[in-house]
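>>> show me how the following folds:
(chains A and B)
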Amino acid sequence: MIVKTAVITGFGINADRELEKAFSLVGSAAERIHIQDFIESTAKIHNYHILAFPGGFSFGDHFGSGIVFANLFKKNLKTELEKFINSGKLIIGICSGFQVLVKMGVLPNFKGDWTPEVSLIHNNTGIFENSWLRVSFNKQTKCVWTKGLDEMDIPIRHGEGCFVTLSDTILDKIEKENLVALKYSDRNPNGSINNIAGITDNTGRIFGLMPHPEAFMYPENHPRWTSEKIPEGEGIKIFKNGVNYIKENFSN
Amino acid sequence: MRTEVFYKNPQLDGRAKKLLKHLKHSVSSSISNIKIVDIYIANGIDRLSSDMAEKLFSDPVAQKAITQKPAALENELAGWRYLIEITYKPGVTNPVVVTSKNTIEVAIGEKVPEDAIIQIATQYLIESPSLEKNLVKKMKKIFFNPLIQQQEFREGSPEELKKNPLPDVYPHKVVKSDVIIEKIPIQQMEEKELQEMSEKKLLALTLDEMNTIKKYFSNKDTEKIRVEAGIGKEATDAELEMIAQTWSEHCKHKIFQSTIEYKDNETGKTETIKSVFSSYIKQATKDLSEKRPFLKSVFHDNSGVIDFDEENLVCFKVETHNSPSALDPYGGAITGVLGVNRDIMGTGKGARPFFNTNVLCFGELETPESEIPEGLLHPRTVMNGVHLGVIDGGNQSGIPTVAGALLFDDSFTGKPLVFCGTGGILPREIGGEGSWIKHIDAGDLAVMAGGRIGKDGIHGATFSSKALEDDAPASAVQIGDPITQKIMLDFLLEARDAELYKGITDNGAGGLSSSLGEMAEYSGGVRIDLHKCPLKYLGLAPWEILVSESQERMSLAVSPEKINAFLELANKRGVEATVVGEFTNSGFVDIRYGNERAGLLSMDFLHRGNPEMKLKAEWNRPNSPDVTLPELDCNTMLKNLLNESNIASKEPFVRQYDHEVGGISVVKPFTGKESDAPSDGAVVRPVLNSKRGITVTHGICPRYGDRDTYNMAACAVDEAFRAHIAQGGNPEYAAILDNFCWPDPIESEATPDGKYKLAQLVRACKGLYDAAMGYMLPLISGKDSMKNDAKIGGKKVSVRPTLLISLMGIIDNFEKAVTTDFKNDGDLIYIIGNTNGELGGTFIEKLLKQNLGKAPLPEIENAFKLYKKLYKAISEGLIKSCHDISDGGIAVALAESCLGGRLGADVSIDAFPLKDKNMETARILFCETPSRFIVTINAENAKKFEDIMSDDCVKKIGNTTKIPVLKIAKNRNYVIEMPISEIDKAWKREDFR
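A predicted model of the protein is given here:
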């Protein structure tokens, strides 16, 4: 079967080309779709198995990264997106895409009414940073995207990636219910509580993370490829998981 | 209505933490805390309820928003002593306002009324004991730039705020101009009047040029045509402004085009050079064009274009944005970045920008405030602003910043040098025609797309063609909006691939007058309908609309059949596009405002009518005898060099640039075990599924010019080329760009030494030509900025004549790319290239503060042979690490490679390839002879490697060691013994963190 992925773009999203490439490398028919085209015909999102929200600076991240894009998407596509989610399909949000998901309220969405319960705020360093670091994945998580993953080198590129929750209760729920998919393992670059780098919802099908797996598509993306043996671009394992899940659970 | 937003827990605000660190460092350590409140002012939008606004502008999880009373009175924010609130002046476009408008319209489901007022302010609440006057002044300076901002200041307690509340709305009205077309009887004007007018109108035109214009308008045929056309004999203000823009040094490069009488007192010869641009820069490319068939489009377009592979071409352009960055460092830098991005989008039928570079030159950071002339910003303030501008410009556009440099030199205190570069990629063919060809026919519509026109940057081009003086116009500064531009570029690429337009160029210096004026050259004329141009606000005179440099705009040629499809797509993508005229073959630029005639200029006169300048240059070689070095401790000198601001690690700055977006990065700015050692340049992969890569490198060495700019230019070319080679680049496949930043080289009262400065320019061009020819490196594009002087309070500060060489080259298979870090212990270390011992203009000279003789000069013929051999060795996979030897010489290069691999090295000077065995040890270790490398290879490859290199100037000097210490011996005594930990400490400056 053909796994169709829509990489959502427009209004300042900028990591869409490589995300499209990453999905195509793992055998998905991926295409970049301008959000305006979805707003024009909202049912169009059901033509796809996977919705991917890439990184970037939608609307300049003014008054909070992802907020404006989230409002725009929520206002126009909430009903269709709920249908999309309920049909068992997948959503991934990377960096700014993660910010969009949490600000729309679809992640983690405990109350089920899209009330924002967590957020990603300015790094505690106050600066944007582009570095590679190490993350470890939570073996107990139900996140379908990180299945079988243990540890990984991966780049971060953000100024607003400090993970915070509305309350300690919500933090406890996220930890206890194993919604934490990955944590920063060698250092915490932004002050995220409990070193949280990415979370999923209780279906395990909606996944957001700050690091950029699509920027580790090839061995040569790795900062030490000239001195260490890097067998493959490990980042795409995440996308492979997503595509395989669709293959296993959908006939077309 | 003021919506005030702040963090529920202010301690979580990372921005505030960073700011506090800065305040403690540069104002007073007694400042204990700072809290930030974001203010959103929205008036005249009935449907926007306060409840709605609070939701729109805040993050409900982490932030609190209030509209009823000042946040500064809330408990969370209590404890402040100083309150500073900053907003932009009327007419300065703020991207956040653009987004706010956007988001309000989404929320209320309709357009906001035209007369609505939206303003953004930032409030800083500073907790500290009462500070002395001068400290408060200093603190204000950090937040507030009077040129573009307005401020409110409160001292003391919340009571103060109740007595004296903050404004509900800030002044927002832009001074309106009379919307009239001024007629100027130029025919009747005396020379004195002509000069006064050029001054008064900031035309920056010489008397000679004013006379030429007078002559044009006095011409009987011209008068006849004008009378028949109904515009009348007299010149209009729009026409004079358009001529001034087109003829400005910034656009016309008059000095590079001038005829120079060059007197060389060394040889006693005098020669007449008809345009250094044609004679040297263009000439080199011409002479090389047969042997370098990959050239596609050079010099005439917005960037230089070369072949990449069967399907794609790549292009490269580097611009400077010095004057604006001196006045408003942030705005100047960000508009510089966005401007050069548009140059790429405006190349041929439009290329996609895929990497940025930047080379930034500032005054010495240690300069005491007291030595900064009134009216100039401190180098650190300039650096902070420019750095942030480069961060936002690149990161928010989603274009990776892959290479660059930071330089510090006292001569950059007057004007910083801000070089912004962008590389682009475009398909070979668009619409069945070469993509690099612009195609514009009479009858095509002239379309403006992107932002609206305001008074922003009026006279930018003419202003940058003058020395920076006290009376710099505020309108010369503006803030860039990366998102508006990103949205526009996305749309244009879509339109390009749908073949909806035929020609495109960017609106930069000179605005529409330049963009449409240049495009009209393809069809033979243009009619510009100024009244159709979308404006930010009312009250722009026709001439202002014509020359405004409002950002984020492109000009296009669209055929009438496609105009509807083009405008529809624009509208769908949220981009404003407007037909503002029509291309013709009338031979004239015909400017209209409604039914009025605002101008009628012959294309030929406009583009080729300017009088040629005749200038004099005279070369006397500065006296610089070679001297013997004093005895000095090489260990200490190495430490000081590693710590020298130009050589020291720039990682803390560079990490704030996104250098990986696009997934194209192959060799990153920093490399090695801890990713903290310097790379020689960048390697990127423009086409993700191809192994063919691009190298991006720079060469710049202004200090050598103190002795001879010929050496400076030749060394800059060598530095860029050798970095390309060091990474594994193909020696037969690279092209370079030249960017000259000079002090005014025209002799005058203000510039008594003009003849020498012009001779320096001539010699730099000769050096550039010889090096380009020697290495067979075609020049494909360039730019010059010739008035880098600041005259403030009578004091004149001029930059060192500076030539930046930027290189774009091919690496056939980037899997062969090599990095600078040592890889394994026990590897053999070789030096490639003789050490000649020149110290003139080197960094050891800078540290010893004494004149140390001749400047370095490459021996190009031999060097090129070596480069080709090294390329072969790299291609055969023999080279494990390669680092070019440049600033600070051999010892610094070794130290950097050790740091990268976290490995030691044990080498012996006695084995070094030296020109003269009797050189002082320090001279050997720290001189900056070009064309040298340090490479490591696996012991078993020694013979293979030596056979390939087969040259006396390639010598094995020792090996890498597990013990992490750099050891350099002479006659079995160690002259340098430095543990990696000390190298690390010296090389990473505290004040850069």
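
>>> show me where pLDDT drops low in the chain?
You didn't pick a chain, so chain A it is. Within chain A, the stretches with pLDDT under 70 are A:252.

>>> the chain in question should be chain B.
B:460-477.

>>> which part of it gets nearest to chain A, residue-wise?
B:G398 (2.2 Å; CB to the nearest CB). Every residue, glycine included, has its C-beta placed from N, CA and C.

>>> that residue reaches A:R17, doesn't it?
No. Judged on CB atoms under 8 Å, B:G398 makes no contact with A:R17 at a distance of 9.1 Å.

>>> who's more crowded, these two?
Taking other CB atoms under 10 Å in any protein chain shown, B:G398 and A:R17 do not tie; B:G398 has more neighbours (25 against 21).

>>> may I have the beta-bridge partners of the residue nearest to the spatial centre of chain A?
Nearest to the mean C-alpha position of chain A, counting by CA atoms, centre = their mean, stands A:G93 at 2.4 Å. With DSSP bridges applied, A:G93 shows beta-bridge pairing to A:F53, A:G208.

>>> what residues are up against it?
By CB atoms under 8 Å, 6 or more residues apart in numbering or on different chains, A:G93 lies in contact with A:52-53, A:99-101, A:107, A:207-209.

>>> longest helix anywhere in the chain?
Reading this off chain A. Counting residues, the longest helix in chain A under DSSP state H turns out to be helix A:67-86.

>>> meant chain B, my bad for not saying
helix B:754-775.

>>> burial count for A:E177?
The burial count for A:E177: 16, using other CB under 10 Å.

>>> quick check: residues of the stretch 101-250 of chain A near chain B?
A:103, A:116-119, A:121-132, A:155, A:157, A:159, A:162, A:164-166, A:190-191, A:212, A:214-215, A:217-218, A:220-221, A:223-224, A:226-227 (CB under 8 Å from any CB of the partner chain).

>>> return the subset of those lying in helices.
Applying DSSP H to these, the entries found in helices are A:K103.

>>> list buried residues within the residues of the stretch 101-250 of chain A next to chain B.
A:103, A:116-119, A:121-130, A:132, A:155, A:157, A:159, A:162, A:164-166, A:190-191, A:212, A:214-215, A:217-218, A:220-221, A:223-224, A:226-227 (16 or more other CB atoms under 10 Å in any protein chain shown).

>>> inside strands: which ones of the residues you listed?
A:118-119, A:121, A:129-130, A:132, A:155, A:157, A:162, A:164-165 (DSSP state E).

>>> how about those in TSV, adding distance to A:G233?
Putting those into TSV (distance: CB to CB, whole Å) gives the following:
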residue	distance to A:G233
A:V118	29
A:S119	30
A:I121	30
A:E129	22
A:N130	18
A:W132	13
A:P155	12
A:R157	16
A:C162	27
A:V164	31
A:T165	32
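
>>> what is the nearest of those to B:C898?
A:W132 (21.6 Å; CB to CB).

>>> my guess is the closest one meets A:P223, correct?
Yes. With contact defined as CB under 8 Å, A:W132 and A:P223 form a contacting pair (5.2 Å).

>>> quick check: neighbours shared by these two?
B:S675.

>>> closest residue of chain A to chain B?
For chain A, CB to the nearest CB, closest residue to chain B: A:N14, 2.2 Å.

>>> from B:I120, how far out is the closest residue in space to that residue that isn't next to it in sequence?
Of all residues not flanking A:N14 in the chain, B:G398 sits nearest, at 2.2 Å (CB to CB, 6 or more residues apart in numbering or on different chains). Plainly put, B:G398 is 23 Å away from B:I120 if you go by CB to CB, to the nearest Å.

>>> hang on, the earlier thing: got the contact list for the residue of chain A closest to chain B?
Contacts of A:N14 by CB under 8 Å, 6+ apart are A:54-57, B:397-399, B:486, B:661.

>>> now B:N739
Contacts of B:N739 (CB under 8 Å, 6+ apart): B:318-320, B:419, B:782-785, B:803-806.

>>> again, only using 10 Å
B:317-320, B:359, B:417, B:419-421, B:698, B:700, B:781-785, B:802-806 (CB atoms under 10 Å, 6 or more residues apart in numbering or on different chains).

>>> in strands, which of these appear?
B:317-320, B:359, B:417, B:419-421, B:698, B:781-785, B:802-806.

>>> how long is stretch B:164-173 end to end?
For stretch B:164-173, the first-to-last residue distance is 23 Å (CA to CA, to the nearest Å).

>>> on that earlier part again, helices or strands next to the longest helix of chain A in the packing?
helix A:35-40, strand A:50-53, strand A:90-94, helix A:96-104, helix B:50-56, helix B:95-108 (3 or more CB pairs under 10 Å, 6 or more residues apart in numbering or on different chains; DSSP states H and E).

>>> can I get the ones you listed in CSV with distance to B:E568?
Converted to CSV, these look like this (distance: least, CB to CB, whole Å):
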stretch, distance to B:E568
helix A:35-40, 12
strand A:50-53, 26
strand A:90-94, 31
helix A:96-104, 27
helix B:50-56, 30
helix B:95-108, 20
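
>>> can you classify the residue of chain B closest to chain A by secondary structure?
Look at B:G398: counting by DSSP: H, G, I helix; E, B strand; the rest coil, its state is coil.

>>> which residues touch it?
A:12-17, A:54-57, B:353-354, B:482, B:486, B:489-490, B:658, B:661-662.

>>> in the sheet, who's paired with the nearest residue to B:C898 once chain neighbours are set aside?
Computed as CB to CB, 6+ apart, the closest residue to B:C898 that is not its neighbour in sequence is B:L966, at 5.0 Å. On the basis of DSSP bridges, B:L966 is bridged to B:A905, B:M978.

>>> with adjacent residues omitted, what lies nearest to A:W114?
Nearest to A:W114 is A:G105, by CB to CB, 6+ apart, at 3.4 Å.
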